[in-house]
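K.L.:
Need the 3D shape of this:
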Amino acid sequence: MRGTLEHLLLLLYENWLQPEEEQTAVTENVFTLLNRLKWLQDPVVKKMEKSQQRNKTWYDKRAVKREFQEGDLVLIFSNVERTSLAHDGLGLVLF
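P.N.:
Predicted coordinates for the structure are as follows:
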């Protein structure tokens with residue numbers, strides 16, 4: 001959803017520049033802003049869920065199911081940062 005931030009800034013700007021006699025209570029402005037945020041959030045969440053489902057479908061079509069048997073040699077990549085006191089991690093891995 002494009003322009004969400006611009007809409008929020010416009011709302012804030014409009015409320016900021018109102019003459020003092022026309023200004024409403026601060027809490028009312030906060031609730032108005034929260035209601036508009038909720039109103040804007042619903043379509044964004046729906047679009048995000050649709051995008052996630054599309055990505056999942058794409059991944060599932062191309063995923064390769066791998067099955068390992070006992071005794072198979074496998075390469076395990078650990079992306080954990082190594083420290084000088086860390087265990088080497090060499091040895092037999094059982095699944």
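K.L.:
Who are the packing partners of the longest helix anywhere in the chain?
P.N.:
When the chain is parsed with DSSP state H, its longest helix is helix 26-62. Counting contacts by 3 or more CB pairs under 8 Å, 6 or more residues apart in numbering; DSSP states H and E, helix 26-62 is packed against helix 4-16. Backbone N, C-alpha and C define where each C-beta goes, glycine included.
K.L.:
List of residues touching the helix it packs on?
P.N.:
Outside helix 4-16, the residues within contact range by CB atoms under 8 Å, 6 or more residues apart in numbering are Q23, N29, T32, L33, R36, L37, L40, V44.
K.L.:
so what's the fifth one up against?
P.N.:
Okay, so that is R36. Taking CB under 8 Å, 6+ apart as the test, what R36 contacts is H7, L8, L11.
K.L.:
quick revisit: where neighbours are concerned, which of the contacts of helix 4-16 has the most?
P.N.:
N29 (16 neighbours; other CB atoms under 10 Å).
K.L.:
quick one: pLDDT of that one?
P.N.:
Per-residue pLDDT puts N29 at 84.
K.L.:
gap between it and T4?
P.N.:
From N29 across to T4, the span is 18 Å (CB to CB, to the nearest Å).
K.L.:
re the thing from before, now tabulate the contacts of R36 in TSV and tack on pLDDT and distance to N79.
P.N.:
Below are the contacts of R36 laid out as TSV (pLDDT from 0 to 100; distance: CB to CB, whole Å):
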residue	pLDDT	distance to N79
H7	75	40
L8	72	38
L11	74	44
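K.L.:
buried subset of the residues you listed?
P.N.:
Buried members of the contacts of R36, scored by 16 or more other CB atoms under 10 Å: none.
K.L.:
can these go into a markdown table with extra columns for distance to K61?
P.N.:
Output for the contacts of R36, formatted as a markdown table (distance: CB to CB, whole Å):
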| residue | distance to K61 |
| --- | --- |
| H7 | 37 |
| L8 | 38 |
| L11 | 43 |
